[in-house]
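1. Dropping the sequence and predicted coords here.
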Amino acid sequence: MAVALLSAFHVGVRLPNLWSVNYFIPGVFDGVWRRGLLGTLLTPFDPLRFHYGFVMTLQVAIFLALLAVMLRQGLRRGLPGRIIVIAFLFAPTGGYMFHQIGYVEQLLYLLLAAALAMPRSAAAAALVAISLFIHELALFTIVPLYLANLVAERRYRAAAAHGAVILAAFVLIYVAFQTTTPDVAEALLKKVRAHANYEPRADYYEVFTSTLTSDRMRFWYGPGQHKVSLLVGFVAGLAAVASVRRPLGDGLPAAIAILGACLAPLLLGFVGWDTGRWFFLSLCSSMAVLIGFGCQPRLWVAATFAAAFAVFAAAGHLPYFDDFKARPVWPALWSPSHLLEFFTKELPLVLTTVPSR
């Protein structure tokens, strides 16, 4: 696990980009409700919340907390869990996880882990519903997983009740808080420019003047993505099959719910262009089921998972943001000189340079 973690770190490590910083800035007091929860909570830290170093520190802390949860869950699941985590880290998903540092879904999956650990289900439902005010993509990532977990526990009434509460929160956002006026968005951007120690991404603030189903709503997947699509579907199916612990008649609803939850992030490909991110989130959801839903994965499940990810490592990739590319895996593992050069020359530069976008 340590070697796999080192490999993933080497392949994808970077500082959070300027797009991800914006998830932590807009708030209710700036006139923004959609995606405004984090900025609202950080308002007492004005004007520090506009500083890259402050936000970056929060993003790194969130990432390390999520990584710790993942490693802990893998260790708690014994040898199968460790195999699953190792395969995930060695495959392109490991480097992509480090490359994606700062993106809001890392916080969302951390909130899901907290919700599943809560003894009181009402508080857990409230936490998941509130997550929609962090980012609406929670509807396609942690919400399906949370409800699928209730179905897997045969708590059908709770699943229906909690689903209704969460849906009501999304309807509220969709009906009342979907957009702001251009004047509000421009005033917020001006405020950020006045206090930030970087040039903010102006295109992010255009999001708040656009509806959720604007001209971005189209089919963004391309013909060259069929291989990773097959992998994502296979791993989701594996997670669904592995979750069945009862006779098929009783376990079928759970399997269907989990399959749907693992594939739900792919629906984001109808509204967002960064399809590699949606494939990654689907694979994350499948892994979350295998090591985090209270069931002990069997050795054959872990071996099948590892085989699929080995094929992915050999013949697949996930496109990075901002013209970045994944660093090669193998030189870091068999060449101490390559690793020494990375840690003494490239890494210090990476960790001390504020991204330009």
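-> Received the coordinates, thanks. Keep in mind it's a predicted model, so treat the numbers as computed, not measured. Numbers count the residues shown, from 1 in each chain.
2. Every contact and neighbour count from this point should use C-alpha atoms.
-> OK.
3. In the stretch 251-357 of the chain, where is pLDDT below threshold?
-> Residues of the stretch 251-357 of the chain meeting the criterion pLDDT under 70: 331-333.
4. again, only using 90
-> By pLDDT under 90, the low-scoring segments of the stretch 251-357 of the chain are 251-253, 271-273, 292-297, 315-316, 323, 328-341, 353-354, 356-357.
5. can you give me the helices in it?
-> 275-292, 299-315, 330-334, 336-341, 347-352 (DSSP state H, counting those that start in this stretch).
6. for stretch 183-191, which positions count as buried?
-> By neighbour count on 16 or more other CA atoms under 10 Å, the buried set for stretch 183-191 is Val184, Ala185, Leu188, Leu189.
7. Phe88 and Phe309 touch, don't they?
-> Yes: counting by CA atoms under 8 Å, Phe88 does reach Phe309; the two are 6.8 Å apart.
8. which residues do those two both contact?
-> Listed as contacting both Phe88 and Phe309 by CA atoms under 8 Å, 6 or more residues apart in numbering is no residue at all.
9. how near is Phe279 to Leu340?
-> 33 Å (CA to CA, to the nearest Å).
10. These two - which one has more neighbours?
-> Phe279 (23 against 12; other CA atoms under 10 Å).
11. ok, Phe29 - contacts?
-> Thr40, Thr43.
12. where does it land in three-state SS?
-> Following DSSP: H, G, I helix; E, B strand; the rest coil, Phe29 is assigned to helix.
13. got it, and the one 10 residues further on?
-> State at Gly39, reduced to three classes by three-state DSSP: helix.
14. Tally up the residues packed near it, please.
-> 25.
15. Quick check: the gap between it and Met70.
-> 27 Å.
16. Please apply the same query to Tyr198.
-> From Tyr198 to Met70 the distance is 33 Å (CA to CA).
17. out of these two, which sits in the more crowded spot?
-> Met70 (20 against 17).
18. Look at the more buried one and tell me its secondary structure.
-> Classified using three-state DSSP, Met70 is helix.
19. show me what contacts it?
-> Met70 touches Val85, counting by CA under 8 Å, 6+ apart.
20. how close does it get to Ser285?
-> 12 Å.
21. Ok, Ala124 next?
-> 18 Å.
22. next one: Ala65
-> 17 Å.
23. So the two - more neighbours on which side?
-> Between Ala65 and Ser285, Ser285 has the larger neighbour count (other CA under 10 Å), namely 26 against 15.
24. Not counting sequence-adjacent ones, nearest residue to that one?
-> Cys262 (5.2 Å; CA to CA, 6 or more residues apart in numbering).
25. Now render the buried residues of stretch 183-191 as JSON lines, adding distance to Ile83 and secondary structure.
-> Shown next, in JSON lines, are the buried residues of stretch 183-191 (distance: CA to CA, whole Å; DSSP: H, G, I helix; E, B strand; the rest coil):
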{"residue": "Val184", "distance to Ile83": "49", "secondary structure": "helix"}
{"residue": "Ala185", "distance to Ile83": "47", "secondary structure": "helix"}
{"residue": "Leu188", "distance to Ile83": "46", "secondary structure": "helix"}
{"residue": "Leu189", "distance to Ile83": "46", "secondary structure": "helix"}
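26. Which member of the residues you listed is positioned nearest Tyr205?
-> Ala185 (6.0 Å; CA to CA).
27. Averaged over its residues, which helix or strand of this structure has the lowest pLDDT?
-> helix 330-334 (a mean of 68; mean pLDDT, DSSP states H and E).
28. contacting residues around the most centrally placed residue in the chain?
-> What sits nearest the mean C-alpha location of the chain, by CA atoms, centre = their mean, is Glu105, with 3.3 Å. Contact partners of Glu105, counting by CA under 8 Å, 6+ apart, are Leu137, Ala138.
29. Distance of it relative to Glu136?
-> Applying CA to CA to Glu105 and Glu136 gives a distance of 10 Å.
30. got the buried residues for the host helix or strand of Val165?
-> Applying DSSP states H and E as the criterion places Val165 in helix 156-176. Across helix 156-176, burial judged by 16+ other CA under 10 Å covers Ala158, Ala159, His162, Gly163, Val165, Ile166, Leu167, Ala169, Phe170, Ile173.
31. ok, now stretch 299-317?
-> By neighbour count on 16+ other CA under 10 Å, the buried set for stretch 299-317 is Val301, Ala302, Phe305, Ala306, Ala308, Phe309, Ala310, Phe312, Ala313, Gly316.
32. now the last one: how far from Gly224?
-> It refers to Gly316. Taking CA to CA, one finds Gly316 at 11 Å from Gly224.
33. Then the fifth one?
-> Between Ala308 and Gly224 the computed distance is 19 Å (CA to CA).
34. Same check on the third one?
-> Phe305 is 23 Å from Gly224, where distance means CA to CA.
35. ok, now Trp33?
-> In terms of CA to CA, Trp33 sits 37 Å off from Gly224.
36. Compare the two (neighbour count), which wins?
-> Shown here are Trp33 and Gly224; by other CA under 10 Å, Trp33 has more neighbours (22 against 8).
37. Which of the three states applies to the more buried one?
-> Looking at Trp33 with three-state DSSP, the answer is coil.
38. OK, contacts around it?
-> Gly27, Phe133, Ile173, Phe177, Gln178.
39. So how do I select the buried members of these in PyMOL?
-> Restricted to buried positions by 16+ other CA under 10 Å, the PyMOL selection for the contacts of Trp33 reads:
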select buried, resi 27+133+173+177+178
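40. would JSON lines of the contacts of Trp33 with distance to Val151 and pLDDT be doable?
-> Listed next are the contacts of Trp33 as JSON lines, based on distance: CA to CA, whole Å; pLDDT from 0 to 100:
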{"residue": "Gly27", "distance to Val151": "34", "pLDDT": "96"}
{"residue": "Phe133", "distance to Val151": "24", "pLDDT": "97"}
{"residue": "Ile173", "distance to Val151": "26", "pLDDT": "95"}
{"residue": "Phe177", "distance to Val151": "30", "pLDDT": "93"}
{"residue": "Gln178", "distance to Val151": "30", "pLDDT": "92"}
